[in-house]
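Enquirer: please find the sequence and the predicted model below.
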Amino acid sequence: MSKSGMQTRRSAVYLLDQVLGEGRLLSEVIGSGALERLEPAERARAQRLAVDTLRGLERADRVLQKHLKKVPAMTVQNVLRLGTVELCQGGAAHGVVNDAVEIISKNKHQSKLKGLVNAVLRKVDAEGQAEWDRLRIPRMPKWLRKPLVQAYGSEVMLGIEAAHFAGAPLDLTAKGDPEALAKVVEGDLLPTGSVRVSVGQQVSALSGYTEGDWWVQDAAAALPAKILDVKPGEKVLDLCAAPGGKTMQLAAAGAEVTAVDDNPSRMARVEENLKRTGLTAKLVVGDVMAQGGEYDAILLDAPCSATGTMRRHPDLPFAKDGSEFGDLIGLQEVFIDHALGLLKPGGRLVFCTCSLLPDEGEVQVEEALARWSGVRVDREALLVGGVDPEWVTEEGGLRLRPDYWAARGGMDGFYMAMLRRE
């Protein structure tokens with residue numbers, strides 16, 4: 001690899017240090033400008049290398065343990081992890097090993113270990129790939145795995161972990177005809193209407209990006225707006241709207257959309273995406289609880305643990321420990337009650353979370369129905385095109401998991417339910 005390639009790998013190691021050493025999310029690190037010196041293609045590659053390493057971290061550590069007498073300092077360990085993942089996934093030894101040695105050579109605190117890095121990665125290149133292929137699928141950390149096994153069972157859990165390890169393809173939502181979009185981008189038209197393309201492509205280079213014909217949105221994340229099924233002219237509120245995929249779906253359907261989120265930088269992205277796609281919505285940067293008025297329909301994508309998005313964000317289990325779950329669950333309850341209070345008589349609310357935890361989905365709806373005598377769940381609304389009736393849960397919501405559509409590349413974990421105010 002060129003000098004720029006070495007800088008890309010060094011940046012990937014920095015990302016790993018921040019996630020594994022400082023407990024930061026990749027989005028937070030990248031959003032702070034950590035990779036701004038890299039060209040766009042190099043920036044994307046550095047991020048991809050870090051994501052691949054986090055996804056295969058358990059396997060990498062098992063391959064490395066036989067070659068290390070003791071665990072080295074964090075940065076050296078992450079250089080070795082990155083190199084191991086690349087080598088075991090078919091990377092060229094010359095570039096991988098040379099760059100790893102160069103990275104350590106330029107680290108004034110660890111430069112004396114460049115010989116160790118060279119020797120270990122040469123052994124990994126000779127023996128590691130065969131061992132890698134024999135190792136089990138990496139497992140979630142215990143703090144998260146335990147409640148999910150309780151919710152779904154061990155066999156389902158293995159399927160979820162296999163989906164996480166496989167990673168996520170790229171899904172697009174069409175502003176117009178999804179079948180036409182699938183042909184233009186040479187993608188796979190999914191049963192629910194999303195268009196799936198392979199990863200590794202530069203998003204902005206795909207046909208129709210500049211023209212605003214589509215936006216990136218996981219197939220699972222595209223379903224809440226389809227279930228809400230807004231009509232032209234309806235007054236609709238999109239709560240916790242950023243980054244705006246659902247806002248654009250609602251606007252494309254002709255609704256009069258007000259999108260609310262308290263994060264200014266994320267709302268700036270919503271504004272950019274609306275401009276690119278030629279869609280319009282009223283954007284409000286502010287607190288959900290400060291919103292008033294009456295609406296025909298509300299979409300509440302509540303703040304949650306985001307555990308359903310781990311196949312595309314493998315940094316989550318390393319940057320979190322579950323300690324925030326209680327606060328998030330309490331916030332979701334408050335937001336649901338506030339949103340129901342903003343509905344016109346006969347109005348409808350879709351509550352959703354990108355979480356695998358029943359406490360952030362099924363339980364929230366059960367408890368909301370117990371609190372509100374004038375609210376009912378609408379099961380029939382969930383059965384939009386391509387939705388498997390087996391995904392509908394006992395209380396009347398829709399539970400999506402990463403192991404669904406495994407042969408097609410899976411989907412994010414999501415929960416959603418339609419509540420109608422009588």
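Expert: Nice, I can see it.
Enquirer: now for residue 38: which residues touch it?
Expert: When contacts are counted by Cβ atoms under 8 Å, 6 or more residues apart in numbering, residue 38 touches 4, 7, 8, 11, 46. From N, CA and C alone the C-beta is placed, and that goes for glycine too.
Enquirer: can I get these in TSV including pLDDT, neighbour count and distance to residue 69?
Expert: Below are those laid out as TSV (pLDDT from 0 to 100; neighbours: other Cβ atoms under 10 Å; distance: Cβ to Cβ, whole Å):
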residue	pLDDT	neighbour count	distance to residue 69
4	68	12	34
7	92	20	31
8	95	24	30
11	95	22	29
46	94	23	30
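Enquirer: got those as CSV, with secondary structure columns?
Expert: Formatted as CSV, those follow (DSSP: H, G, I helix; E, B strand; the rest coil):
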residue, secondary structure
4, helix
7, helix
8, helix
11, helix
46, helix
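Enquirer: please convert those to JSON lines, extending it with distance to residue 87.
Expert: Listed next are the contacts of residue 38 as JSON lines, based on distance: Cβ to Cβ, whole Å:
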{"residue": "4", "distance to residue 87": "20"}
{"residue": "7", "distance to residue 87": "20"}
{"residue": "8", "distance to residue 87": "16"}
{"residue": "11", "distance to residue 87": "19"}
{"residue": "46", "distance to residue 87": "18"}
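Enquirer: ranges for the strands of the stretch 101-250 of the chain?
Expert: Secondary structure of the stretch 101-250 of the chain (DSSP state E, counting those that start in this stretch): strands located at 170-174, 188-189, 195-197, 214-216, 235-239.
Enquirer: just those: most buried one?
Expert: A comparison of the strands of the stretch 101-250 of the chain by mean neighbour count, using mean count of other Cβ atoms under 10 Å, puts strand 235-239 on top with a mean of 26.
Enquirer: what's the distance between residue 269 and residue 303?
Expert: When Cβ to Cβ, to the nearest Å is the yardstick, residue 269 and residue 303 sit 17 Å from each other.
Enquirer: neighbour-wise, which of those two wins?
Expert: With other Cβ atoms under 10 Å as the criterion, residue 269 and residue 303 differ in neighbour count, and residue 303 comes out ahead with 17 against 14.
Enquirer: so who does the more buried one touch?
Expert: So residue 303 contacts 240, 328, 331, 332, 335 (Cβ under 8 Å, 6+ apart).
Enquirer: please repeat the previous calculation with a cut-off of 6 Å.
Expert: Residue 303 makes contact with 328, 331, according to Cβ atoms under 6 Å, 6 or more residues apart in numbering.
Enquirer: how far away is it from residue 354?
Expert: Using Cβ to Cβ, one gets 10 Å for the distance from residue 303 to residue 354.
Enquirer: where do the contact lists of these two overlap?
Expert: When contacts are counted by Cβ under 6 Å, 6+ apart, residue 303 and residue 354 are jointly contacted by no residue.
Enquirer: phi, psi for the residue most central in space within the chain please.
Expert: By Cα atoms, centre = their mean, the chain has its centre lying nearest to residue 309, at 3.5 Å. In terms of degrees, to the nearest 10, the main-chain angles of residue 309 are phi -100, psi 10.
Enquirer: in the stretch 201-350 of the chain, which spans are helices?
Expert: Under the criterion DSSP state H, counting those that start in this stretch, the stretch 201-350 of the chain carries helices at the ranges 223-228, 245-252, 264-277, 316-319, 325-341.
Enquirer: of all the strands of the stretch 101-250 of the chain, which one is nearest residue 278?
Expert: Evaluated over the strands of the stretch 101-250 of the chain, closeness to residue 278 peaks at strand 214-216, with 11.7 Å, by Cβ to Cβ.
Enquirer: could you name the helices and strands sitting against the closest one?
Expert: With contacts defined as 3 or more Cβ pairs under 6 Å, 6 or more residues apart in numbering; DSSP states H and E, the secondary structure elements packing on strand 214-216 are strand 170-174.
Enquirer: the strand it packs on pairs with which strands?
Expert: In its sheet, strand 170-174 lies beside strand 195-197 (antiparallel), strand 214-216 (antiparallel), with partners assigned from DSSP bridges.
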